[in-house]
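> Sequence and predicted model, in that order:
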Amino acid sequence: EAQRSADALIALGRTGDGASAGELGFVGLLIGDDRDVSGFLTSALGPVLDYDARRGTTLVKTLEDYFGTGCSLSKTAERLHIHVNTVTQRLDRIGRLLGEDWQTPNRALELQLALRLHRLSR
């Protein structure tokens, strides 16, 4: 696993860095010995899943629809039958829960994969 992690870091352009499979996000799921899907979901989506569970909200669904519409606010609003401003407010909340970088390409990919895995595990 250590060699696979080192190889993955090089392939990701992170030569000289160190990380375990668990620290490599979705890549770690692919190369790791233990395939900790639950840990990956908690790492990627945990704050949003917890928020929804505590408050009975639908931030996970909002995030799924947002990515599913190519990050279109208006199409997300249509899918959810809510106003665009409500979508914006929900995405702001998601940003506060996940951190400012949640929409960067690498993080967005990780979130989309986590959302799909979450959907499969329901």
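Happy to help now that I have it. None of the values given here were measured: they were computed from a predicted structure. Numbers count the residues shown, from 1 in each chain.
> residues of the helix ranked longest in the chain that come out buried?
Secondary structure of the chain per DSSP state H: the longest helix is helix 37-55. For helix 37-55, a neighbour-count test (16 or more other CB atoms under 10 Å) marks F40, L41, S43, A44, L45, V48, L49, Y51, D52 as buried. The way it works is simple: take the backbone N, C-alpha and C, and place the C-beta from them, glycine included.
> So which elements touch it?
helix 26-31, helix 59-68, helix 84-98, helix 105-121 (3 or more CB pairs under 8 Å, 6 or more residues apart in numbering; DSSP states H and E).
> circling back: any idea which of the buried residues of helix 37-55 is closest to L120?
Ranked by distance to L120 (CB to CB), the buried residues of helix 37-55 are led by L41 at 10.3 Å.
> Export the helices and strands packed on helix 37-55 to CSV and append columns for mean neighbour count.
Shown next, in CSV, are these (neighbours: other CB atoms under 10 Å):
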stretch, mean neighbour count
helix 26-31, 17
helix 59-68, 20
helix 84-98, 16
helix 105-121, 15
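> mind putting those in JSON lines, distance to Q3 included?
Output for those, formatted as JSON lines (distance: least, CB to CB, whole Å):
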{"stretch": "helix 26-31", "distance to Q3": "10"}
{"stretch": "helix 59-68", "distance to Q3": "33"}
{"stretch": "helix 84-98", "distance to Q3": "31"}
{"stretch": "helix 105-121", "distance to Q3": "23"}
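> Output the lowest mean pLDDT helix or strand found in this protein.
Ranked by mean pLDDT, DSSP states H and E, the helix or strand of the chain with the weakest confidence is helix 26-31, at a mean of 68.
> circling back: for A8, which of the helices and strands packed on helix 37-55 is the nearest?
With CB to CB, the closest approach to A8 among the helices and strands packed on helix 37-55 belongs to helix 26-31: 5.3 Å.
> orientation of the longest helix of the chain relative to helix 84-98 in degrees?
130 degrees (axes from the mean of the first three to the mean of the last three CA atoms, to 10 degrees).
> which outside residues touch helix 37-55?
Helix 37-55 has contacts (CB atoms under 8 Å, 6 or more residues apart in numbering) with 22, 25-26, 28-29, 57-60, 63, 93-94, 97-98, 110-111, 113-115, 117-118, 121.
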